[in-house]
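Peer 1: fold the following, please.
(2 chains)
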Amino acid sequence: MADLDSLETTVFDAIILGTGFTQTIVAAALARAGKTVLHLDENDYYGGESGAFGFKELLTWADKVAAEVPTDEASNEDPDKIEFAKLVAKAYDHLEIQLFSDPSVLEGKEQTIDLGSIQEANKNGSLDDRTKALQEHITGSYSGATTKESKEAIQILAGWAAQRNSATTASNFRSITFSQIASLEELFKSSRKYNFDLSPKLLYSRGPLTNLLISSGIGKYLEFKLLERTAVYESLTDKVEMMPTSKEDVFVSKALSLKEKRLLMKFLQFAVDYKNQAEVWEDYKNAPFTQFVQNKYGLTDKVLTAVVYAIGFDGNDNATTTEGLKSVKVYLQSLGRYGNSAYLCPLYGVGSELAQAFCRVAAVYGGIYMLQHGLKNHNVDQEANQWKSVIDHTGQVLKANQLICTREYLSRGMDAYLEARILNRSYVSHCILVTDRSAFGETTLCKTLFPMGSLVLNPGEKPERTNEHTISVLQMCGGTMSCPSDRFILYIWAESDSAQGSAKEALTAAIRKLVHIPGDALSLKAPTTAAASSVAAAVANEGSKPVHSLDEAPPATTGSPASTSDNASAVASGSGQDGLQPRMSLDQEMDMETVRQEILKAEKKLFDESTESSSSTPVPSRPSTPAPPGSSGSTSSSKPLSKMFQKSKSAGSLTTTPLISPVALFALFYKRTTSWPRVPYPIGSEKLKPLPENLTLLRPMDHSLDFEEATEEARAIFERLCPDAEFLPPTPEPEDNSSY
Amino acid sequence: MASRHGQKKVKEEAPELVKAREERESAILKDYLGLKEILKEVIDSQKRDNDALKVTTALLRKSPDYYTVWNVRRTILKEGFLDSADDDTANQIYTNELDFVQENLKLNPKSYWMWNHRRWCLEHMSQPRWDRELGMVNKFLEIDSRNFHGWDYRRYIIRQLDLVDKEASDKVLDRAQAEFDFTTNKIHKNFSNYSAWHNRSTLLGKLAEAMTEEEKESIVDNEFDLVKNAIYTDPEDQSAWLYDLWLIGREQKSISVLGASVISFHPLEIVVAFDQTVKLRNAFTVSTRLEHVAVPLEGEWKATGSDASLGSVWIFQQAPGAVYGPTVEVLIFTEDVCAVRAGSTLQSAVCFELETLNQDLNEISGQLTRLVVGKNLMFDVTKRIGPVAGPDGTIETQPSSSKHLVTSLTSSESLEGRVELLQREIASVRELIEIEPDCKWPIQILSTLLSELRETVSIHSMQAKDIDDECIELQEKLISIDPLRQERYEDRRTQLVFDRETLSIIKDSKRFPEIEFAPEQPRELDLAMRGLTHIPTSSYFIHLHSLNLDSNAIKSTRFLRNLLNVRRVNLSNNLIERLEGVQHAPSLEFLNLENNMIAKWEDVVAGFVFWREGKLARTGCSVKVLLGLNPVIENEGGENVLEQRWEDVGEVGIEIQWKSNELLLAEQEELEQQLQGAKDDGGEQGSFKMDGNRRVSTTVVEIATGH
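Peer 2: From the prediction side, this is the model:
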């Protein structure tokens, strides 16, 4: 660490405030180019608005954001004052925590503890008193408060119930149930196994960010999993369908007719090379993408439209043909680089991992890092319109030639100036939902889209309201190291044009289609134990996926007879929940040269296994497959072959096996503003005069699915500040590999 | 997409990098050459010890495709170690070898010799672990699912495992099923995989043996569904189309005997014509009835042309001194012939009967067609269709294969199943062509399907005609979208045009779908300007007197060998480079070869050398050959050269004209004018005329050509 005393005497090339994704790229690039960088964050974690938290930390974060209620500012206050916490709190709204009762957990020992009377009795007491009273009441009623975590859980619940006007809404906690306590206790126990993302996103395998991670060598700090599938909600059938989004998927898809397959592939083949075929799409350049796809390629069928949407949607509901083609192309280019998927998902939480990787490079090249560093004031030379320095909580004056920060680090005056220039407001509604099983059967890491206008948000009411923007859902599994292996996280988010309406209102309709929400009759039905076990048996026997998908490939049986039986038992024992895709690093591109080492290891393992299995039975025969329920007693039941064909047929068709609905355990809703002045400058070059000229303000993280725009923004900023330097050239191989 | 197939590797290197690389490489090379030297010593010294083994190890690490070293290694192992080793030690040695191969296979998974060495080890081990091998090859196919070495090795292992289980047929079947699943799996991951499709087809054949017809049908439906999905997903991928083609299957073409004729009674010469080139396994039986006793008639069967063992027209020549009676029989048994085209067979025996008593042509009944060949007579012989008595006197039963193919896996009693399938497939591929009009594969498949459909109808039906017309159009379309394969499509087109144009020669035989000569044979055929590249079935032409092939793209005249009866052939404006096959065209009187590619006199003369040796000497006919506008005139000059060359041929009544008819006409006109104008120059004109013809015996401008 640098000599802290010398901070004040140094004039840095740049001070960067906040360790959000974009800042960290800029920091890394500047440091790498030899600039002196001081990187500060008021938070005690990396990532800022793309931070990732364990369960307890998430609650702490929510408390902090919710507790800081913005008050009307006194006009006489110092315009240069930095009010980080306040601005952060201002950016978030409609926070709501939901902790669901799931009586089945306690097997009939469920009880409800009424809190209303206690709340009423203590309504004039202080918050602490109320909390205390509630805590005592709950502890007295709940016999299971034996572990540290259960005590903690009760304390937290009491705290929530005690709050009256909080954004976490006390209304949810008029009463609590035993199962809620148990559920919270469970979450506390595995708190550290969670890495909740505040702004979940994915990487295109061959998008600008991935390419940058590879070219700069930064990718070697990261591990990834491949997103398995993309699903789209279809309002007509009221079903979430897995989309065939690669050539292989299209091939095995049963949802598309032969002709549709051809039309779709024809369009995709064109899209890969669209730049060289301007004559095809030029007339549609600024027309809606969907119009081009339908008119020019005849992709009018509902399924086809959905597939193109699943492939081309990157957050923009009103994409023009130019934008749409660009994103389809990135998608297609990304396919196959690391496997049969276009998206990478970093492990251990998306945003913060990336941020830390870039910060690490910045630090290696001399960048100075201070987290949890309070800031007080900005010094601006008004005449020269130059930012001079920032004064931290210890009174140190930190000077630099350039200031790069996000909005929350602005001074009061600057923020007010910015605020006045925002014409169109935009927001993102978020939900972080913890469930007990995958909402997509064996597919554990996948995204789902609810196209705009496809969901009725207020069923039964008039006038009907549908979702104004696409609702994106990303399901993470234990394999991404963002939750325990027996839990799943659903990130649900959607763009929103207005501050009105809570995140919960905006997103609940989508959640209902995917999970059972206890107490919500409109959500999926609660799983019965019978259904659960029958499906589990079906999984074990058939090896097929009980997913409500049109598109599942026939069960992939491994060819080696030796491994087939192993596979079946693996599925039965639920190890499939760990995600089917192996973890990978970016250098594991799918080619012979580099995969070999990995295979070498796997092979060795396989040999060991086959040695074991063969010691008892040299050639284990395939387990006999019972005929599927649909097949009427075939006369040739003794012939295994006919069964095989029936099996592959039925697996391909629409399976009617009921999905065991996942049950919602915990939800956190919040709405974040992404409002930004619309300025006619290209990304990254904007200077919002009269904000100081040497201040570069970064956009808030938007609702898009990927980091590509943010990456481009960082590059543009770097190129403006260091026009002659290379943007993140490869880092030389570090001598010492154990420097973590 | 994960695989490297079909991807071009482009690498640009900075000069200093190139230099560094070259230095590195030369060091490696030096090292390698050194090792090679040592290996030589090892071989020479017959050393069979550890050091010798190490040399091979080092060399093979560097160059696994150096197969001699593998052989040396095996010799060292065997003689130096294994021969004296007990079982455990031997196993250990083999296991080490397997490890060594495996390690190297990872670096070079497509080396034949390594896979080979692996087999050697396993086959010599006392207890080879085939299941372990399956695991290994699984991994290799995971890395590259299109490595055909891996697939081949996999099939090998399965065979070995099946051998182990040869008593347990259900195990073998289970294994085939598992293998079938494996191909499904691989195809689902990436269907552009010839090996997987191929393996699938062989496995299906094996599995189908244990299936009922209904089960087969359901499987075939499934397979069509799978392959159609692949085709519609990527119609440019050949592997799926090939599987599709395999599934559809091809009706085995039978060999048809078109007819038989007598071309000479003294000595007796009988001609038998087939619809395709066949090989004789046994000479056809010729017998005659002498005093009510059938006795074999001695003689020899030869195909026309320079290679007498292969042809579509066969001639029997009575042995000198053999005697034949009033009836002669020619018997062709199914096993007597085999086709050059794989799979074609003669479906049933054929017998021809000849009444030699009525040699007087006028008394021969009307059912016999009379053909005049020079001074000889040519009769069609009554064709008798089996059953006929075999050589041992037993009656040959009709072939049992009355089942018709529906697909490669299924068959049916009637043709309907096949027709239905073909029509379904045709409709499907037409739909695809509508979306992808410029993709060559569906058009090719459509053409194949239509041709298969044509096999199910009479060749004279309207449907057959429509199919021919459409197929010809399809070939033309293919030529325009896939010019690289133009010649192939042109050849196919030639076949189709030929079939269409020769319908008057051929009729459906009673044993459908075979064919035979129509009772009334045309004497003339005009095939000018049909774009023909060759004559697919020249045996059709044995009765023709006159054939016009002007302005085609024919490259070879070899078909002339079967034109036994032809007098005039016009081949002007083609691409012929040399004259071949005229030796069996004994009646030839006129051959127009103007404007071809003949560049050397030798190429003309050689043809006639054979001709002279053939029938000509006997018939004493003379022939006129037009050679104008061939490069040979420019290259080697006219008369003088010919004079010299001609001595080789001898005086056999051949007249060569090397000025083109057009030119001669013009000259003659000019000459006439000059004769009328100035009588003094008469002598000059005479020699001028002599330039154009070797012997002006008949009129110069004689012939109906395509001009």
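Peer 1: phi and psi next, for residue A:448.
Peer 2: phi -140, psi 140 (degrees, to the nearest 10).
Peer 1: residue A:295 too?
Peer 2: The phi/psi pair for residue A:295 (degrees, to the nearest 10) reads phi -70, psi -40.
Peer 1: got it, and residue B:271?
Peer 2: According to degrees, to the nearest 10, residue B:271 has phi -110, psi 130.
Peer 1: which non-adjacent residue is nearest it?
Peer 2: residue B:261 (4.9 Å; Cβ to Cβ, 6 or more residues apart in numbering or on different chains). (Each C-beta comes from the backbone N, C-alpha and C, glycine too.)
Peer 1: quick one: neighbours of that neighbour, just the number.
Peer 2: Neighbours of residue B:261 under the rule other Cβ atoms under 10 Å in any protein chain shown: 27.
Peer 1: confirm it sits in a strand?
Peer 2: Yes - judged by DSSP: H, G, I helix; E, B strand; the rest coil, residue B:261 forms part of a strand.
Peer 1: any idea what it is bridged to?
Peer 2: residue B:271, residue B:380 (DSSP bridges).
Peer 1: please report how far it lies from residue A:470.
Peer 2: As judged by Cβ to Cβ, to the nearest Å, residue B:261 and residue A:470 stand 82 Å apart.
Peer 1: again with residue B:589
Peer 2: Taken as Cβ to Cβ, the span from residue B:589 to residue A:470 is 86 Å.
Peer 1: who has more neighbours out of the two?
Peer 2: Taking neighbours as other Cβ under 10 Å, residue B:589 and residue A:470 compare with residue A:470 leading, 25 against 19.
Peer 1: give me the local confidence score for the more buried one.
Peer 2: Per-residue pLDDT puts residue A:470 at 94.
Peer 1: contact partners for the residue in the stretch 501-650 of chain B that chain A sits nearest to?
Peer 2: Among the residues of the stretch 501-650 of chain B, residue B:513 lies closest to chain A, at 31.7 Å counting by Cβ to the nearest Cβ. Taking Cβ atoms under 8 Å, 6 or more residues apart in numbering or on different chains as the contact definition, residue B:513 lies against B:251, B:254, B:455, B:456.
Peer 1: these two touch, right, residue B:294 and residue B:285?
Peer 2: No - using Cβ atoms under 8 Å, residue B:294 is not in contact with residue B:285; the gap is 10.1 Å.
Peer 1: neighbour count winner among these two?
Peer 2: A direct count of neighbours by other Cβ under 10 Å for residue B:294 and residue B:285 places residue B:285 higher, at 18 against 12.
Peer 1: residues near the closest residue to that one other than its chain neighbours, how many?
Peer 2: Among residues not flanking residue B:285 along the chain, residue B:331 sits closest, at 4.1 Å (Cβ to Cβ, 6+ apart). If you count neighbours by other Cβ under 10 Å, residue B:331 ends up with 20.
Peer 1: surely residue B:331 forms part of a strand?
Peer 2: Yes - under three-state DSSP, residue B:331 sits within a strand.
Peer 1: so how far is residue B:38 from it?
Peer 2: 69 Å.
Peer 1: try residue B:507
Peer 2: Remark: distance between residue B:507 and residue B:38 (Cβ to Cβ) = 75 Å.
Peer 1: now do residue A:337
Peer 2: Computed with Cβ to Cβ, the distance linking residue A:337 and residue B:38 is 45 Å.
Peer 1: more crowded one of the two?
Peer 2: residue A:337 (21 against 16).
Peer 1: just give the nearest non-adjacent residue to the more buried one, would you?
Peer 2: residue A:205 (4.2 Å).
Peer 1: verify the stated contact: that neighbour with residue A:345.
Peer 2: No - taking Cβ under 8 Å as the definition, residue A:205 is not a contact partner of residue A:345, at 10.6 Å.
Peer 1: ok and the residue in the stretch 151-300 of chain B nearest chain A?
Peer 2: Counting by Cβ to the nearest Cβ, the stretch 151-300 of chain B gets nearest to chain A through residue B:182 (2.6 Å).
Peer 1: what sits against residue A:125?
Peer 2: By Cβ under 8 Å, 6+ apart, residue A:125 lies in contact with residue A:133.
Peer 1: cool, and the one 4 residues further on?
Peer 2: Going by Cβ under 8 Å, 6+ apart, residue A:129 touches residue A:122.
Peer 1: what about it, distance to chain B?
Peer 2: With distances taken as Cβ to the nearest Cβ, to the nearest Å, residue A:129 is found 64 Å from chain B.
Peer 1: part of a strand, is that residue?
Peer 2: No - judged by three-state DSSP, residue A:129 forms no part of a strand; its state is helix.
Peer 1: and it, how far from residue A:119?
Peer 2: 12 Å.
Peer 1: what's the answer for residue A:58, then?
Peer 2: In terms of Cβ to Cβ, residue A:58 sits 25 Å off from residue A:119.
Peer 1: which residues of the stretch 451-600 of chain B fall in strands?
Peer 2: For the stretch 451-600 of chain B, strands defined by DSSP state E, counting those that start in this stretch occupy the ranges B:506-508, B:515-517, B:524-526, B:546-548, B:568-570, B:590-592.
Peer 1: and these as JSON lines, adding distance to chain A and mean pLDDT?
Peer 2: Listed next are the strands of the stretch 451-600 of chain B as JSON lines, based on distance: least, Cβ to the nearest Cβ, whole Å; pLDDT from 0 to 100:
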{"stretch": "strand B:506-508", "distance to chain A": "37", "mean pLDDT": "85"}
{"stretch": "strand B:515-517", "distance to chain A": "37", "mean pLDDT": "84"}
{"stretch": "strand B:524-526", "distance to chain A": "44", "mean pLDDT": "94"}
{"stretch": "strand B:546-548", "distance to chain A": "46", "mean pLDDT": "95"}
{"stretch": "strand B:568-570", "distance to chain A": "49", "mean pLDDT": "93"}
{"stretch": "strand B:590-592", "distance to chain A": "51", "mean pLDDT": "89"}
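Peer 1: may I see those organised as a markdown table, with distance to residue B:673 and mean neighbour count added?
Peer 2: Below are those laid out as a markdown table (distance: least, Cβ to Cβ, whole Å; neighbours: other Cβ atoms under 10 Å in any protein chain shown):
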| stretch | distance to residue B:673 | mean neighbour count |
| --- | --- | --- |
| strand B:506-508 | 51 | 18 |
| strand B:515-517 | 51 | 22 |
| strand B:524-526 | 35 | 16 |
| strand B:546-548 | 32 | 20 |
| strand B:568-570 | 29 | 24 |
| strand B:590-592 | 27 | 25 |
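Peer 1: closest one to residue B:535 among these?
Peer 2: Proximity to residue B:535 (Cβ to Cβ) singles out strand B:546-548 among the strands of the stretch 451-600 of chain B, at 9.1 Å.
Peer 1: what helices and strands are in contact with that closest one?
Peer 2: Judged by 3 or more Cβ pairs under 8 Å, 6 or more residues apart in numbering or on different chains; DSSP states H and E, the packing partners of strand B:546-548 are strand B:524-526, strand B:568-570.
Peer 1: neighbouring strands - and their directions - for it?
Peer 2: Applying DSSP bridges, one finds strand B:546-548 paired with strand B:524-526 (parallel), strand B:568-570 (parallel).
Peer 1: lowest average confidence, helix or strand, in the chain?
Peer 2: No chain was given, so I picked chain A. One helix or strand of chain A scores below all others by mean pLDDT, DSSP states H and E: helix A:561-572, with a mean of 34.
Peer 1: that's the wrong chain, I meant chain B
Peer 2: For chain B, counting by mean pLDDT, DSSP H and E, that's strand B:370-373 with a mean of 28.
Peer 1: residue B:446 and residue B:471, how far apart?
Peer 2: From residue B:446 to residue B:471 the distance is 9 Å (Cβ to Cβ).
Peer 1: before we move on, what about residue A:313?
Peer 2: Residue A:313 is 46 Å from residue B:471, by Cβ to Cβ.
Peer 1: now swap in residue B:313 and tell me
Peer 2: Separation of residue B:313 from residue B:471 (Cβ to Cβ) stands at 27 Å.
Peer 1: before we move on, what about residue B:191?
Peer 2: Plainly put, residue B:191 is 28 Å away from residue B:471 if you go by Cβ to Cβ.
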